[in-house]
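In: this one's sequence-less:
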């Protein structure tokens, strides 16, 4: 089978499983696959290939233009529709679909922008040529695959599976960033809605990162636009300070969001606030207490997604607690939050990643009654300062 067909089978299969697990079995998400070339034989081949995916029922159409009634009727009997680009007109019912796959993506695709506007997940496949002149290397034109939405080569996780990161509800609500991470950078986010987990008495004491890379690394996302007013630096510094109990390194990504704010990103008091913020954060390097804050700047959400992927790759290379297979597999991470995880998250020194690791090592009741030496022995992956703080 052509490598590109294998890629689309894997992408749709993985997305469909995640969607069903997240939304429940009562939901039947619909998928649209677009073939740009006028090649009906290719449409048939793609339909036949995807039909082997569990839960996927494919269909094609001979109509020259697919309007709402025709599409709706087709989706009564299938959940994956494969169409030629020429069959999609101005009145096409995009809202009926949860996922759009471009089998032959080209840069500047209008469908990508449309999907972003309508909050529809988008996956793009593009064949890329191999460099060089030998016959074997020229075969790369047919077998090279780019999975993403731009021409930059995507970084694939070990074993071809999406890497799981824990994300706050705010990140999940940013559909464009969510889409970029999933479709281009092969990162799947597991939501933790912290506002629903913490008690009212703890709400002013607990702080969480926007993304958890592993037990030692967290990421905080901060819009530059939000630093344009007075008294906006202190909450950021306070948050980064509190996170020192949970991580050895925390990445602060300061970014512009052009889709949300069109004005000058450094207006108001932003420049002065950035200087104050940088000065305040240098304290962590001076103290040398096993915690470091690294500040990065990103011009737009595309760069934010790229930086997140680079941070993830850096953490994978530098980890001393895990072998590469275990670090990438993360079999202990779950989509749903257990009651025991909620209990551990009441400790200011623990993040959701560390909590789940600890619960795989010992039952909650036993963890809560252990001495510090016992905790260190049972949970060798967790920093000693974190375990010590949990004893207070």
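Out: Alright, I've got the coordinates. Owing to the predicted nature of the structure, the values given are computational and were not obtained by experimental measurement. Numbers count the residues shown, from 1 in each chain.

In: what ranges does the stretch 151-300 of the chain have for its helices?
Out: 169-173, 175-183, 233-242, 270-287 (DSSP state H, counting those that start in this stretch).

In: most tightly surrounded among those helices?
Out: Most buried of those by mean neighbour count (mean count of other Cβ atoms under 10 Å) is helix 175-183; its value is a mean of 22. Quick note: C-beta positions are derived from backbone N, CA and C, even for glycine.

In: if we can go back for a sec, mind putting the helices of the stretch 151-300 of the chain in TSV, mean pLDDT and distance to residue 103 included?
Out: Formatted as TSV, the helices of the stretch 151-300 of the chain follow (pLDDT from 0 to 100; distance: least, Cβ to Cβ, whole Å):
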stretch	mean pLDDT	distance to residue 103
helix 169-173	90	28
helix 175-183	87	14
helix 233-242	93	43
helix 270-287	82	43
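
In: want to throw the ones you listed into CSV with distance to residue 32?
Out: As requested, the helices of the stretch 151-300 of the chain are exported to CSV (distance: least, Cβ to Cβ, whole Å):
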stretch, distance to residue 32
helix 169-173, 23
helix 175-183, 14
helix 233-242, 41
helix 270-287, 41
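
In: looking at the ones you listed, which is nearest to residue 312?
Out: helix 175-183 (9.8 Å; Cβ to Cβ).

In: can you name every helix or strand that the one helix or strand residue 123 maps to contacts?
Out: Using DSSP states H and E, residue 123 falls within strand 121-127. Applying 3 or more Cβ pairs under 8 Å, 6 or more residues apart in numbering; DSSP states H and E, we find strand 121-127 packed against helix 3-23, strand 99-102, helix 110-117, strand 145-147, helix 175-183.

In: of these, which is nearest residue 374?
Out: helix 3-23 (35.2 Å).

In: report the residue spans of the chain with pLDDT below the cut-off.
Out: 1-2, 23-26, 127-161, 199-204, 259-263, 285-288, 392 (pLDDT under 70).

In: how does it look with 50?
Out: 129-160 (pLDDT under 50).

In: the stretch 151-300 of the chain: strands as residue ranges?
Out: 163-168, 187-192, 211-212, 217-223, 249-256, 292-299 (DSSP state E, counting those that start in this stretch).

In: so which of those strands is nearest residue 89?
Out: strand 187-192 (33.5 Å).

In: can you list contacts of that closest one?
Out: 18, 157, 162-169, 171-172, 178, 181-182, 208, 211, 308-309, 312, 333-335, 337, 352 (Cβ atoms under 8 Å, 6 or more residues apart in numbering).

In: of those, grab the buried ones for PyMOL.
Out: Here is the PyMOL selection string for the buried members of the contacts of strand 187-192, based on 16 or more other Cβ atoms under 10 Å:
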select buried, resi 18+157+162+163+164+165+166+167+168+171+178+181+182+208+211+308+309+312+333+337+352
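
In: break this protein down into its domains, please.
Out: What the record gives for the chain is the domain set 3-153, 191-322, 339-389, from automatic domain parsing.

In: okay if I get the ones you listed as a markdown table plus distance to residue 329?
Out: Shown next, in a markdown table, are those (distance: least, Cβ to Cβ, whole Å):
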| stretch | distance to residue 329 |
| --- | --- |
| domain 3-153 | 14 |
| domain 191-322 | 9 |
| domain 339-389 | 13 |
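
In: and of the helices of the stretch 151-300 of the chain, who's closest to residue 64?
Out: helix 175-183 (29.6 Å).

In: just list what the closest one packs against, helices and strands only.
Out: helix 110-117, strand 121-127, helix 169-173, strand 187-192, helix 301-318.

In: right, and residue 12 touches residue 53 too?
Out: Yes. The criterion here is Cβ atoms under 8 Å, and residue 12 meets it with residue 53 at 6.0 Å.

In: enumerate the positions of stretch 42-57 that are buried.
Out: 42, 43, 45, 46, 47, 49, 50, 53, 56.

In: tell me the one of those nearest residue 3?
Out: Among the buried residues of stretch 42-57, and counting by Cβ to Cβ, the member closest to residue 3 is residue 49, at 11.8 Å.

In: how near is the closest one to residue 57?
Out: Distance of residue 49 to residue 57, given as Cβ to Cβ, to the nearest Å: 13 Å.

In: likewise residue 334?
Out: For residue 334, the distance to residue 57 - Cβ to Cβ - is 29 Å.

In: for residue 267, same thing?
Out: From residue 267 over to residue 57 (counting by Cβ to Cβ), the distance is 52 Å.

In: equivalent analysis for residue 391, please.
Out: Distance from residue 391 to residue 57, by Cβ to Cβ: 55 Å.

In: over to residue 360?
Out: Residue 360 is 37 Å from residue 57, by Cβ to Cβ.

In: in stretch 249-259, what counts as buried?
Out: 249, 250, 251, 252, 253, 254, 255, 256, 257.

In: now stretch 113-131
Out: Buried, per 16+ other Cβ under 10 Å, within stretch 113-131: 115, 116, 120, 121, 122, 123, 124, 125, 126, 127.

In: contacting residues around the fourth one?
Out: If a contact means Cβ under 8 Å, 6+ apart, then residue 121 has 15, 98, 99, 100, 115, 179, 182, 183 as its contacts.

In: surely the fourth one touches residue 109?
Out: No. Look at residue 100 against residue 109 with Cβ under 8 Å: they stay out of range, at 10.1 Å.

In: thanks again, I'm all set now.
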